[in-house]
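>>> Generate coordinates for the sequence data below:
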Amino acid sequence: MIIERPASSRGHGPARVAWLDSRHTFSFGDYYDPAWMGFGVLRVINEDRVAPGAGFPTHGHANMEILSYVLAGALAHEDSNGGGGVIRPGELQWMSAGHGVRHSEFNASQTEPVHFLQIWLQPDRVNAAPAYAQREPAEGEGWQLLASPDGADGSLAIRQDAQVFNVRLTADAVVEREMQATRRYWLHVAQGAVEANGRVLQAGDALGFVEEDGALRVTGHGDSPADVLLFDLPL
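Here you go, the predicted structure:
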């Protein structure tokens, strides 16, 4: 089964916050759609644009694996477990909320907006100790492993049987990945445009694959380079 999630159908909010423009792939905050509560252990993909100098003041989370992937600008993070830093384009931050953590996220610039994806995965254990890590942009061609259960190939070691891959594609560049019917996959176009197994996808579009096997073939499409995330998840 292939699930289509066009960017235009995502939730949009919050209506009363002038400094934040957010698109929700799955139900989040004031946006609720029982048909879109997540995709297996993948619970949240929010595409956020935060105005200069603005951000999310200190607030709490528990029992969630939280990944932040910056597309443009710079995002400053600080948490109650001692984690902190500035995340820049192509960098990935992981915060395991564990039994509870408080943190803040602010645009690190007073003049430029920040554009990033916030991603939540349900953990494979509850009430663990909070943890934090950050990695630099992936280098090389083809699929690059950003996060995994065991930290393979320099990826962030997250607390879930999930792998997160990234690929950047220029026009007509092609990558493939074999899918297994015992796993599920979510392909999210962060920037640019691609063709994925015959479907043209623009920035913000996504495809879900459930009990599918065979090759996932992704081709760069259009004039601008594409930035694509692939989530390999338990069924």
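
>>> Provide the secondary structure category for P34.
Secondary structure, DSSP: H, G, I helix; E, B strand; the rest coil: P34 is coil.

>>> Just name whatever secondary elements the strand or helix carrying E78 is in contact with.
Secondary structure assignment for E78, by DSSP states H and E: strand 75-79. Under the contact criterion of 3 or more Cβ pairs under 8 Å, 6 or more residues apart in numbering; DSSP states H and E, strand 75-79 touches strand 84-87, strand 92-96, strand 101-107. C-beta here means a position set from N, CA and C on the backbone, and glycine is covered the same way.

>>> try 6 Å
For strand 75-79, the packing partners by 3 or more Cβ pairs under 6 Å, 6 or more residues apart in numbering; DSSP states H and E come out as strand 84-87, strand 101-107.

>>> Of these, which stretch is the most buried?
Mean neighbour count (mean count of other Cβ atoms under 10 Å) peaks for strand 101-107 among the helices and strands packed on strand 75-79, with a mean of 20.

>>> Tell me what angle whatever helix or strand comes next after that one forms with strand 75-79.
Per DSSP H and E, the first helix or strand lying C-terminal to strand 101-107 is strand 114-121. Counting by axes from the mean of the first three to the mean of the last three Cα atoms, to 10 degrees, strand 114-121 lies at 40 degrees to strand 75-79.

>>> Only alpha carbons, please: show the following helix or strand past strand 114-121 as PDB.
Using DSSP H and E, the helix or strand that follows strand 114-121 in sequence is strand 131-135. Provided in PDB are the C-alpha atoms of strand 131-135 (Å, rounded to 0.1, in the frame of the first residue of the first chain):
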ATOM      1  CA  ALA A 131      20.000  12.400  26.300                       C
ATOM      2  CA  TYR A 132      21.200  14.900  23.600                       C
ATOM      3  CA  ALA A 133      23.500  14.800  20.600                       C
ATOM      4  CA  GLN A 134      24.100  16.700  17.400                       C
ATOM      5  CA  ARG A 135      25.800  15.800  14.100                       C
END
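
>>> Quick one: list the elements packing against strand 131-135.
For strand 131-135, the packing partners by 3+ Cβ pairs under 6 Å, 6+ apart come out as strand 92-96.

>>> neighbouring contacts of the strand it packs on?
Residues outside strand 92-96 that contact it (Cβ atoms under 6 Å, 6 or more residues apart in numbering) are 65-69, 87, 130-135, 146, 156, 158-159.

>>> do stretch 107-121 as well
Residues outside stretch 107-121 that contact it (Cβ under 6 Å, 6+ apart): 41-55, 64-76, 86, 160, 162.
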